[in-house]
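*Asks:* Dropping a prediction and its sequence here:
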Amino acid sequence: MSADNNGADIETSDDNDFSSGRGLGGRKYRPVIAQDDDRAVLEMSSIDPGGRASSSLDPPNDIKLIFYFCFPFVTGFGYIAMYLHPEQLTCDRKVKVGIPPDMASERKDGSLPNHARANGAQAESKLELFGFDSLVNILGLKSMAGDQIQAPSSPRDGDDVPINIEPPKSETVKSGTMMGVFIPCLQNILGIIYYIRFSWIVGMAGIGQSLVLVAFCGSCTFLTTISLSAIATNGAMKGGGPYYLIGRALGPEVGVSIGLCFFLGNAVAGALYVLGAVETFLTALPQAGIFKGTTFVKINGSDIAQTSPNLHDLQVYGVIVTIILCFIVFGGVKMINRVAPAFLIPVVLSLFCIFIGIFVARKNYPADGITGLSLESFKKNWDSAYQTTNHAGIPDPNGNIYWSFNALVGLFFPAVTGIMAGSNRSASLKDTQRSIPIGTLSATLATSGLYLVTVLFFGALATREKLLTDRLLTATVAWPVPGITYVGIILSTLGAALQSLTGAPRLLAAIANDDILPVLKYFKAADGGEPHIATLFTAFLCIACVVIGNLDLISPTITMFYLLCYGGVNLSCFLLDLLDAPSWRPRWKFHHWSLSLFGALICIVIMFLISWAFTLVALALATLIYYYVSIKGKAGDWGDGFKSAYFQLALRSLRSLGANQVHPKNWYPIPLIFCRPWGKLPENVPCHPKLADFANCMKKKGRGMSIFVSILDGEYHECAEDAKAACRALSTYIEYKRCEGVAEIVVAPTMSDGFRGIVQTMGLGNLKPNIVVMRYPEIWRQENLTEIPATFVGIINDCIVANKAVVIVKGLDEWPNEYQRQYGTIDLYWIVRDGGLMLLLSQLLLTKESFESCKIQVFCIAEEDSDAEELKADVKKFLYDLRMQAEVIVISMKSWDGQSEQQDESVEAFNGARERIASYLSEMKERAQKHGTPLMADGKPVVVNEQQVEKFLYTTLKLNTTILRYSRMAAIVLVSLPPPPLNHPAYFYMEYMDLLVENVPRLLIVRGYRRDVVTLFT
């Protein structure tokens, strides 16, 4: 079939008609015609499996077929590019497509047209509407899943972004639910306790309490499995098993501390399993022992000789077995999966033989004390028979061990551990979100059911004396020969040891890969690779424990480490479930925060039931690791549950504060530190070094929040990256100065516009900043920065309109740090009512070590001499009610005016200010007359009353003279800030302020706002 439409020829073979849609899911497609003005182009070249394409236009080798499909959106059209490799193509149709001349000219040199390239610029982006190319499908989802793939540049960058679509690489062997989770968990749970201690437990606790014991311990692991399933199905899971889950839920410190304890528990448990297998082997075959030894056991007052394995035999055989198991582990997951069934199948066979033996047993067969399944034995063994025994567990009235339910919990609980064996191998699983819940829960329920059924059978099988004296009752009743049970014991313990030696190195490698503790960097393993160095270290620990031989003293600590891990998993699920963040969407739906909390409580109860001393040891070790990680570890933000909890607590606290004004008793200063300098700072210095020191002085015992703000001049789209870099630098500075605060960078056309936006929008609710702190622009005249007066006055006016207090620091360069102690006085020139802010600031300064040796003096201005004494008494009473100690000094305006002496430097500054103001005023008048306009300053009309200007200058002169007279030696001076006069040139106001601060080395100019910050009442 062929068609001709505007030069577009499409030829297809008859056996595979394109238009019919065969091979495309039965859908029918119409050919896409390449119009001159059409943006959708369909290019196809013939594919020859055995050679080159027949088309004269050869595309590059890596791209043989390019489809451009056009699909409509609500507001436009998007274009999707599909790139198919030769090995992915099975179609043999021949297609020829005509192309525009401009495209053909580009193809002559062997290159693709721009819009056909995968790495085209922004103008040729296939999803131009969204600003991204099809890279979002290739890289975006992978990065969300946690794959470390370097993201390409944004199309806005204009750089070419190459797309390399290669055939999938060969991956490491991945395990499914059966081999990856169920069998490892089953091998770890079914251990030596079931074979040699379980019948004894039934005889000691009775059937009733044995059922309670199994249910109690099984409920702990069952609830932990529920929590584990919920967390494991809440997203992609990397290696590390429970450490990964706990760390991502409770934070890196908690995760590493519990993870390392769990690693130690697995490593030492591997040694215990090896020793158990070797001891059973030497007990079954005493002639295999190299070193002979005989021990005597006292039973009912008489010594009975028993041949027990020698310690040196345990050490020699234990080291050999450990080395063999380590070689299997070094073989990788594939080797472990081949060997694991060889260990498990004989164990399952031995269980069948035991149950067959139980059913065929009868009275005194196969040994004395065996009654067969008897209702009478069931009734007699229902109640408990707690008593004293010797070290071998044989009842002895003179024994020194008394057994109780609490003691049996500690003895039996290791028989239900091992539920984490599958999750420890999470990096080797095909689908963690499916395998971990199903495999772990199946193994837990299967073993718990086995234990419950076995309790009933053992209780009805033999007399209590037989249950308490025959440690290997399982071997006694096994059919057809007892040796099958010995094989089951040995292989079950070896299987558990194999799983411990498999999971522990992967756990350690996962902790090392997170790079939290630099000391663990040697144990890192590549993604999908085997942790060989971690395996060597685990083998070394295991061999060292085997050489010790007797681990009875530390074996309870192993159980504590397991319980710590289980409790951490339950707490993680409890926290995540209770917070219910938007990201908490586990596929496992059968969970609730109350179940997780109950599981965590059971873990804690079991720990103290087993041994409060070992519980404290385990908690102390975990706490030491926690603090070590906090001090030496690298900071990491994994989005843990505590951060979500802090966020929700902050939201609740913010809502509880409401939008109403805070009561003066609960008022805290929240300073907005204006970091933008009046001039230039050295390179890489985000703000003045002393600003953070001053911010700390405004807080009592460091409590409170500061907001450090700087403004970048420019357009936001152009300066966004610079703003981010500046924000990081400012945050680093705040952290270095140990100041509780946050950094914010605002991009605005001008400083005034930026500050006006900040003062209106910064903060939330009652957590908005209430004090604006900035440095006084002392350098504006020396460096001829003529734009500063208008900006400075505009900032003050904006603060007044926004009802923000203002604190302007003069002499910031000389501000003391925390180690520079100051002496003298803190002088307050309290001129106007400011809500008590100036008084409160002075009291906050006294709480700092730098100013704690200073005394406060309050200077008040009285209009008449007759008012001076009354004003002094009122101020003293007011300060007394405020619990503030200060000396009050009243200065009357009449005596103030009558002072004849003036400070020479103040008079000189006063005369200089008058001359500069007169010169500036004459220039304004000349410009106004020249252009025929009213007086203008800073682009605004102004009204100048020369008498008022003179009065303002004289007032600031008198105040400056008074400060220099009484407070020249003061540690710091606080004075009220006069508001800028309306319709007044900003230049004039700067002259007033310069005259006010003249020759005062360290000065705080303070203006409160329309509310009280102190209160007289309790």
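*Replies:* Perfect, I can see it now. Residues are numbered from 1 along each chain as shown.

*Asks:* distance of residue 495 from residue 607?
*Replies:* Note on residue 495: its distance to residue 607, by C-beta to C-beta, to the nearest Å, is 27 Å. Where C-beta positions appear, they are placed from N, C-alpha and C, glycine not excepted.

*Asks:* of those two, who's got more company?
*Replies:* residue 495 (29 against 25; other C-beta atoms under 10 Å).

*Asks:* what about the helix or strand containing residue 249, average pLDDT?
*Replies:* Using DSSP states H and E, residue 249 maps to helix 242-250. Helix 242-250 carries an average pLDDT of 88.

*Asks:* ok, then the element right after it?
*Replies:* Remark: after helix 242-250, the chain's next helix or strand is helix 252-284, criterion DSSP H and E.

*Asks:* related to what we said a few turns ago, show me what the helix holding residue 249 packs onto, helices and strands only.
*Replies:* Contacts defined by 3 or more C-beta pairs under 8 Å, 6 or more residues apart in numbering; DSSP states H and E place helix 242-250 against helix 198-232, helix 252-284, helix 483-513, helix 555-579, helix 641-657.

*Asks:* Contact partners for the closest residue to residue 534 other than its chain neighbours?
*Replies:* Among residues not flanking residue 534 along the chain, residue 505 sits closest, at 3.8 Å (C-beta to C-beta, 6 or more residues apart in numbering). By C-beta atoms under 8 Å, 6 or more residues apart in numbering, the contact set of residue 505 is 329, 531, 534, 535, 537, 538.

*Asks:* can you do 10 Å?
*Replies:* 263, 266-267, 326, 329-330, 424, 523, 525, 530-539 (C-beta atoms under 10 Å, 6 or more residues apart in numbering).

*Asks:* List buried residues within those.
*Replies:* 263, 266-267, 326, 329, 424, 523, 525, 530-531, 533-535, 537-539 (16 or more other C-beta atoms under 10 Å).

*Asks:* Now the one helix or strand residue 627 maps to - C-alpha only, PDB.
*Replies:* Using DSSP H and E, residue 627 maps to helix 612-632. Only the C-alpha atoms of helix 612-632 are listed here, as PDB (Å, rounded to 0.1, in the frame of the first residue of the first chain):
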ATOM      1  CA  TRP A 612      16.600  -6.000  85.000                       C
ATOM      2  CA  ALA A 613      20.400  -5.900  85.300                       C
ATOM      3  CA  PHE A 614      21.000  -7.100  81.700                       C
ATOM      4  CA  THR A 615      18.300  -4.700  80.600                       C
ATOM      5  CA  LEU A 616      20.200  -1.800  82.100                       C
ATOM      6  CA  VAL A 617      23.400  -3.000  80.500                       C
ATOM      7  CA  ALA A 618      21.800  -3.200  77.000                       C
ATOM      8  CA  LEU A 619      20.200   0.200  77.400                       C
ATOM      9  CA  ALA A 620      23.400   1.700  78.600                       C
ATOM     10  CA  LEU A 621      25.300   0.400  75.600                       C
ATOM     11  CA  ALA A 622      22.700   1.600  73.200                       C
ATOM     12  CA  THR A 623      22.700   5.000  75.000                       C
ATOM     13  CA  LEU A 624      26.500   5.300  74.700                       C
ATOM     14  CA  ILE A 625      26.400   4.500  71.000                       C
ATOM     15  CA  TYR A 626      23.600   7.100  70.600                       C
ATOM     16  CA  TYR A 627      25.700   9.800  72.200                       C
ATOM     17  CA  TYR A 628      28.700   8.800  70.200                       C
ATOM     18  CA  VAL A 629      26.800   9.000  67.000                       C
ATOM     19  CA  SER A 630      25.300  12.400  68.100                       C
ATOM     20  CA  ILE A 631      28.800  13.800  68.700                       C
ATOM     21  CA  LYS A 632      31.000  12.100  66.000                       C
END
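
*Asks:* helices and strands around it, which ones?
*Replies:* helix 252-284, helix 555-579, helix 593-610 (3 or more C-beta pairs under 10 Å, 6 or more residues apart in numbering; DSSP states H and E).

*Asks:* nearest to residue 775, of the ones you listed?
*Replies:* Taking C-beta to C-beta, helix 252-284 is the member of these nearest to residue 775, at 39.0 Å.

*Asks:* how far does that closest one sit from the chain's center?
*Replies:* Distance of helix 252-284 from the chain centroid (C-alpha atoms, centre = their mean, to the nearest Å) equals 29 Å.

*Asks:* can you check stretch 819-834 too?
*Replies:* 44 Å.

*Asks:* what's the answer for stretch 246-266, then?
*Replies:* 14 Å.

*Asks:* Please list all residues in contact with residue 270.
*Replies:* Counted by C-beta under 10 Å, 6+ apart, residue 270 has contacts 322, 325-326, 329, 496-504, 538-539, 541-543, 545-546.

*Asks:* so can I have a markdown table of the helices and strands packed on helix 612-632 showing distance to residue 226?
*Replies:* Shown next, in a markdown table, are those (distance: least, C-beta to C-beta, whole Å):
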| stretch | distance to residue 226 |
| --- | --- |
| helix 252-284 | 19 |
| helix 555-579 | 8 |
| helix 593-610 | 6 |
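
*Asks:* so which of those gets nearest residue 513?
*Replies:* helix 252-284 (11.7 Å).

*Asks:* and the closest one with helix 483-513, angle?
*Replies:* 160 degrees (axes from the mean of the first three to the mean of the last three C-alpha atoms, to 10 degrees).

*Asks:* Taking helix 555-579 as reference, get the angle to helix 252-284.
*Replies:* Using the same axes, to 10 degrees: helix 252-284 against helix 555-579 is 140 degrees.

*Asks:* tell me the angle of helix 252-284 relative to helix 612-632?
*Replies:* In terms of direction (the same axes, to 10 degrees), helix 252-284 departs from helix 612-632 by 140 degrees.

*Asks:* Let's see the pLDDT reported for residue 164.
*Replies:* 43.

*Asks:* same deal with residue 115?
*Replies:* 40.

*Asks:* now do residue 789
*Replies:* 88.

*Asks:* Helices of the stretch 801-950 of the chain, start to end?
*Replies:* 837-846, 866-881, 893-898, 904-931, 946-966 (DSSP state H, counting those that start in this stretch).

*Asks:* For the second one, list the C-alpha coordinates in PDB.
*Replies:* I take that to be helix 866-881. Output of helix 866-881 as PDB, limited to C-alpha atoms (Å, rounded to 0.1, in the frame of the first residue of the first chain):
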ATOM      1  CA  SER A 866       8.500  70.800  90.700                       C
ATOM      2  CA  ASP A 867       7.700  67.600  88.800                       C
ATOM      3  CA  ALA A 868      11.200  66.100  89.400                       C
ATOM      4  CA  GLU A 869      10.600  64.600  92.800                       C
ATOM      5  CA  GLU A 870       7.200  63.300  92.100                       C
ATOM      6  CA  LEU A 871       8.400  61.700  88.800                       C
ATOM      7  CA  LYS A 872      11.300  60.100  90.600                       C
ATOM      8  CA  ALA A 873       9.100  58.500  93.200                       C
ATOM      9  CA  ASP A 874       6.700  57.200  90.600                       C
ATOM     10  CA  VAL A 875       9.500  55.700  88.500                       C
ATOM     11  CA  LYS A 876      11.000  54.000  91.600                       C
ATOM     12  CA  LYS A 877       7.700  52.600  92.600                       C
ATOM     13  CA  PHE A 878       7.200  51.400  89.000                       C
ATOM     14  CA  LEU A 879      10.600  49.700  88.900                       C
ATOM     15  CA  TYR A 880      10.000  48.100  92.300                       C
ATOM     16  CA  ASP A 881       6.700  46.600  91.100                       C
END
